[in-house]
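**Q** Model the structure of this input:
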Amino acid sequence: MTNRTAIKIAVSGAAGNIGYALLPLLASGYVFESRPIELRLLEIPNAMKSLAGTRMELLDCAFPTLTDVICTVDPLIAFDGVDIIVLVGGFPRKKGMARKDLIQANTKIFTSMGQAINEAALPHVKVLVVANPANTNCLVALKEASRIPSKNFCGLSFLDHQRAKGQIAHRLGVSANRVKNVTIWGNHSETQYPDALTDGYCIAENGEKTPLRSLLSNDLDWVTNDFISIVQNRGKAVIEVRGNSSAMSAAMGTADCLKTWLVTGTKEGDTVSMAVYNDKGYYGVQEDIVFSFPCECRNGEWYVKEGLQLSDYAQQKLKITEKELLEEREAAEELASGSRKRSISIVSSSPSLITLESDMSFATSVESGPYLTSRI
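**A** Got it, this is the predicted structure:
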């Protein structure tokens, strides 16, 4: 693929709040700089009118890098020959809903997404899973997409990474870009372990690096208690104050994850947090789960940074989040081990939409409408 070949990006749940904030970042050149971009926007039939309005706004922005916008209800159309897939659409957790029920509702969706990726996407496609529970949704999708290397999948813990950087920067009175190598270990949930002390440092204007464990040596109670709780519960706190879930920050985290992973890479010695498939038992974590680790990025690939010395406290935190991920995997496997009928399902991140399941593509339900495949 030459530098002037359009990068084809599919986004599921594109009419939701996160999609609305993410699409301009993808279309404007923020992520992929001057490369031409073709967007494939996937939604359920009930959301296609709203999606058509989003497409209109994308056209009105007159982004110089945006070459095409295709809106569809069919995952096979959305994923056909694309380079990147961002899975934003998922089943939202409802009041009183047990986490196991949430896992299984999303397992149905991401089983179908994985099957569609396996059938239609290019072998080199990169897949970023945003919809919660992101780690286990990512695991389910990559298991179904057996034709695609597991290393091509990632769950979004970059949002938590940015939240952690922001909290440390605010505490120290510095800009966030001076805070490096904080790590989110484990699940994108309240069991995650935001870790500023193992490898974190602050870089001064002259390039001097000072470990965060030194800068925060008189603030250990905060960094081992309040800081962790704030990051773990930040999503809930945003909902309580804003009245809606995080959209702007989630979109920014998604865009920055893609940019670091696939475009800029990390500087030598620097890491970012990515939820990746653990096939090697990194840091003693059980294999065959998607777990957030400190990762270096080079040439479009991620590599877990190995050799960090974890304290007993950190190791205990890793065991807590590992346990939850193993329980999530078990809940997903309960459903997956049953009948694996082919059902193509997708739902917007908007809580007003419901999951639709069908034994056939959604395309047949709206093929007479104006929204199925709309292009610039």
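**Q** Point out where the chain drops to low pLDDT.
**A** 1-3, 95, 337-376 (pLDDT under 70).
**Q** Strands along that one, start to end?
**A** 7-12, 37-42, 66-72, 84-87, 126-129, 153-155, 179-180, 183-185, 193-195, 201-203, 209-211, 272-277, 290-298, 301-304 (DSSP state E).
**Q** Now do the contacts for G284.
**A** Each residue near G284 by Cβ atoms under 8 Å, 6 or more residues apart in numbering is listed here: 315, 318. (C-beta placed from N, C-alpha, C; glycine too.)
**Q** Quick check: it vs I320, distance?
**A** 13 Å (Cβ to Cβ, to the nearest Å).
**Q** Format the strands of the chain as CSV; extra columns: distance to L262 and mean neighbour count.
**A** CSV is the format used below for those (distance: least, Cβ to Cβ, whole Å; neighbours: other Cβ atoms under 10 Å):
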stretch, distance to L262, mean neighbour count
strand 7-12, 9, 26
strand 37-42, 13, 26
strand 66-72, 18, 21
strand 84-87, 7, 28
strand 126-129, 6, 26
strand 153-155, 10, 27
strand 179-180, 20, 22
strand 183-185, 20, 28
strand 193-195, 25, 28
strand 201-203, 24, 19
strand 209-211, 26, 14
strand 272-277, 12, 27
strand 290-298, 8, 24
strand 301-304, 9, 18
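**Q** beta partners of I84?
**A** I9, K126 (DSSP bridges).
**Q** and what of V179?
**A** Assessed by DSSP bridges, V179 has beta-bridge partners C202.
**Q** Name the nearest residue to K259, sequence neighbours excluded.
**A** By the measure of Cβ to Cβ, 6 or more residues apart in numbering, the closest residue to K259 outside its immediate chain neighbours is V31, 4.7 Å from it.
**Q** tell me the contacts of that neighbour?
**A** V31 neighbours (Cβ under 8 Å, 6+ apart): 25, 255, 258-259, 263.
**Q** let's see it at 6 Å
**A** 255, 258-259 (Cβ atoms under 6 Å, 6 or more residues apart in numbering).
**Q** repeat for Q167
**A** Contacts of Q167 by Cβ under 6 Å, 6+ apart are 227, 230.
**Q** Check the spacing between it and S229 real quick.
**A** 10 Å.
**Q** G29: how many residues sit nearby?
**A** Look at G29: counted by other Cβ atoms under 10 Å, it has 16 neighbours.
**Q** just the one 3 residues further on next, same as before
**A** Other residues within reach of F32 by the criterion other Cβ under 10 Å amount to 23.
**Q** Could you find the closest non-adjacent residue to it?
**A** Nearest non-adjacent residue to F32 (Cβ to Cβ, 6+ apart): I7, at 5.6 Å.
**Q** Surely that neighbour touches G81?
**A** No. Between I7 and G81 there is no contact under Cβ atoms under 6 Å: 11.5 Å.
**Q** rewinding a little: can you lay out the strands of the chain as JSON lines showing distance to T111?
**A** Output for these, formatted as JSON lines (distance: least, Cβ to Cβ, whole Å):
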{"stretch": "strand 7-12", "distance to T111": "14"}
{"stretch": "strand 37-42", "distance to T111": "16"}
{"stretch": "strand 66-72", "distance to T111": "20"}
{"stretch": "strand 84-87", "distance to T111": "12"}
{"stretch": "strand 126-129", "distance to T111": "13"}
{"stretch": "strand 153-155", "distance to T111": "14"}
{"stretch": "strand 179-180", "distance to T111": "38"}
{"stretch": "strand 183-185", "distance to T111": "26"}
{"stretch": "strand 193-195", "distance to T111": "29"}
{"stretch": "strand 201-203", "distance to T111": "41"}
{"stretch": "strand 209-211", "distance to T111": "44"}
{"stretch": "strand 272-277", "distance to T111": "17"}
{"stretch": "strand 290-298", "distance to T111": "15"}
{"stretch": "strand 301-304", "distance to T111": "24"}
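**Q** V238: which of those is closest?
**A** strand 193-195 (15.9 Å; Cβ to Cβ).
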